[in-house]
Every structure is written in structure tokens, then in C-alpha cells.
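Colleague: Next comes the sequence, and after it the predicted model I'd like to discuss.
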Amino acid sequence: MSGNCWLVKSEPDTFSIQDLALRPKQTEGWDGVRNYQARNYLRDGMKKGDPVLFYHSRIRQPAIVGLCSVVREGYPDASAWHRDSAHPDPKSTPENPIWYQVDLRLEIIFKGPVLLENLRKDSQMQEMALLKKGNRLSVMPVSPAHYRRIMEMAGISVLPERNQ
DNA sequence: GCCAACGTTGGC
DNA sequence: GCCAACGTTGGC
């Protein structure tokens, strides 16, 4: 198992990590994503058990605020064809779904969020996709090295990768 | 709240 | 198939 690491963004005014903590089983369907590259990660890339960093965007101090894990792999996002959906897409149907989601379960809320401004200052994080100018992807892979560094900055110890 | 950057749409 | 127009994202 042990697949890739990921990061998802959310505007806390819409859905925060504290909201996730209040959900049944602290689990939420990560629906409403309407970008093809992010869709591909949701549908094909994210595997059960993968760690997923939770990022708060569009606030004064954007930050990685915690960690989730994938508890259900990609399946069709029914919010696309629900009339009351915040992100309707009439082109997507139950017969031919376009958009996909996973289910994420909360694992950790960081005691100290890892601020974007501190990521920018960190010599080991310069190549992270999150920091690239103009990046708008709301679901993205995170390299193991970047993942470990972020957990380190959050003050959380992570076992080194097992050889076998 | 502003605005640059980006992805998508649709006229041609 | 180009590209202008548009809507959205997200740092600041």
C-alpha cells in the first residue's frame, strides 16, 4: 500500500479542518472539485491510506493546518447532477460521470499550523508546487521529502520510510 | 477587496 | 484550432 502523499486546499469559510472534525466519523466526501487535473488525482491517484495534508487558503495567513487520510478511493461525484449543488455540471450524469471525489478522514489537527510564509522561507521547500506562482490546483501530490519536512515543521515525528 | 494568473468557453 | 472574453482562484 503506502502510496503517495497529497495536499488539498479548502477555504475555511466554506469548509475548515474544524468542520471536518465535527463530521460523523470525522470523514467527509471531498466533492465539488471541477478541474480536470485535480479530478485525475482524485479518480486515479489517491489510494486508501494515503496521507493528505489539509490547507487553508484565502485567509490572512494561509497554512497547512492538519493531516487526513484517504478512506475511500475515487468514485463519481454525485453533487455534479444534484439540483441543489453548489457546483452543478449538467454534462456529468450517473451514467457518464465526469467528476470524482474521495472520502477523507481527519487524522491530526496541527497544534501549530505550517504557515505559507514559513514554507516560502524554508530552503527545503522551494520546489514545492504549492509555492509556485499562479498555482491554483486544489488537489496536488506532495513529494515524500516535502511531506516529511512539513511534518517536521509541524512538530510531528514521522517514521522513516521502510525498506521492505 | 484587489488583481494577476489560470482554465474554460465559444465565436470565428 | 486560434484566441478573446469570461469566471474563478488565492495571495496579498
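Modeller: Structure's in. What do you need?

Colleague: Which elements pack onto the helix or strand hosting A:Arg105?
Modeller: With secondary structure defined by DSSP states H and E, A:Arg105 is part of strand A:100-115. Here strand A:100-115 touches helix A:17-22, strand A:27-29, strand A:51-56, strand A:63-76, going by 3 or more Cβ pairs under 8 Å, 6 or more residues apart in numbering; DSSP states H and E. (C-beta placed from N, C-alpha, C; glycine too.)

Colleague: Check those for me and report the most buried one.
Modeller: Among the helices and strands packed on strand A:100-115, judged by mean count of other Cβ atoms under 10 Å, the one packed with the most neighbours on average is strand A:51-56 (a mean of 24).

Colleague: Contacts for that one, please.
Modeller: In this structure, residues lying in contact with strand A:51-56 by Cβ atoms under 8 Å, 6 or more residues apart in numbering are A:5-12, A:16-17, A:20, A:46, A:62-70, A:104, A:107, A:113, A:130, A:142, A:147, A:150.

Colleague: Recalculate using a threshold of 6 Å.
Modeller: The list of residues contacting strand A:51-56 from outside it, by Cβ atoms under 6 Å, 6 or more residues apart in numbering, reads A:5-9, A:12, A:17, A:63-69, A:104.

Colleague: which two in those residues are spaced the farthest apart?
Modeller: Among those, the pair separated by the greatest distance (Cβ to Cβ) is A:Cys5 and A:Pro12, at 21.6 Å.
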